[in-house]
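Student: only geometry, no sequence info:
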């Protein structure tokens, strides 16, 4: 984060300066590329710092919402769709955007699709363990001993 935020500001500044100077076509294309990368990096930093993830059971379905300000993305899945749930980690050095790395809970669906919950949000190990236990299908949970 300490590296990504200044880099995104630098990319945005270079992109704006290139547009203001209004040089040739190549400079305009470069400006658009710089603005795109700077915007993606700035959005990722904001997502990592201020985003909220809510998971709730509503009428027998899991509702998973990621929210950053007015932007939100909601996914709804039934417990029967869940094949397995496990914690995973993407090392932050492996991805250029801070909102794409870190520890998270990965839900594998019967269809083969993956739902990533709390990726890039720096959730604690305890929060992720509770989330993993909550979403794990009952038949896949280890039997408790009396």
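Tutor: Received, thanks. Owing to the predicted nature of the structure, the values given are computational and were not obtained by experimental measurement.
Student: and the protein, what are its domains?
Tutor: 4-49, 52-140 (automatic domain parsing).
Student: how about TSV for the ones you listed, with mean pLDDT and mean neighbour count added?
Tutor: No exception for glycine: its C-beta is placed from N, CA and C like everyone else's. Formatted as TSV, the domains of the chain follow (pLDDT from 0 to 100; neighbours: other C-beta atoms under 10 Å):
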stretch	mean pLDDT	mean neighbour count
domain 4-49	86	16
domain 52-140	87	15
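Student: check contacts around the spatially most central residue of the chain.
Tutor: For the chain, the residue nearest the mean C-alpha position is residue 119 (4.4 Å; C-alpha atoms, centre = their mean). By C-beta atoms under 8 Å, 6 or more residues apart in numbering, the residues touching residue 119 are 90, 99, 100, 101, 102, 104.
Student: in strands only, show me those residues.
Tutor: Of the contacts of residue 119, the ones assigned to strands by DSSP state E are 90, 102, 104.
Student: so what's the last one up against?
Tutor: Just to be clear, that refers to residue 104. Counting by C-beta under 8 Å, 6+ apart, residue 104 makes contact with 87, 88, 89, 90, 116, 117, 118, 119, 120, 121, 123, 128.
Student: element containing the fifth one?
Tutor: With secondary structure defined by DSSP states H and E, residue 116 is part of strand 114-117.
Student: tell me the gap between the following helix or strand past that strand and the middle of its chain.
Tutor: The helix or strand immediately downstream of strand 114-117 is helix 125-135, counting by DSSP H and E. With C-alpha atoms, centre = their mean, to the nearest Å as the basis, helix 125-135 stands 17 Å off its chain's centre.
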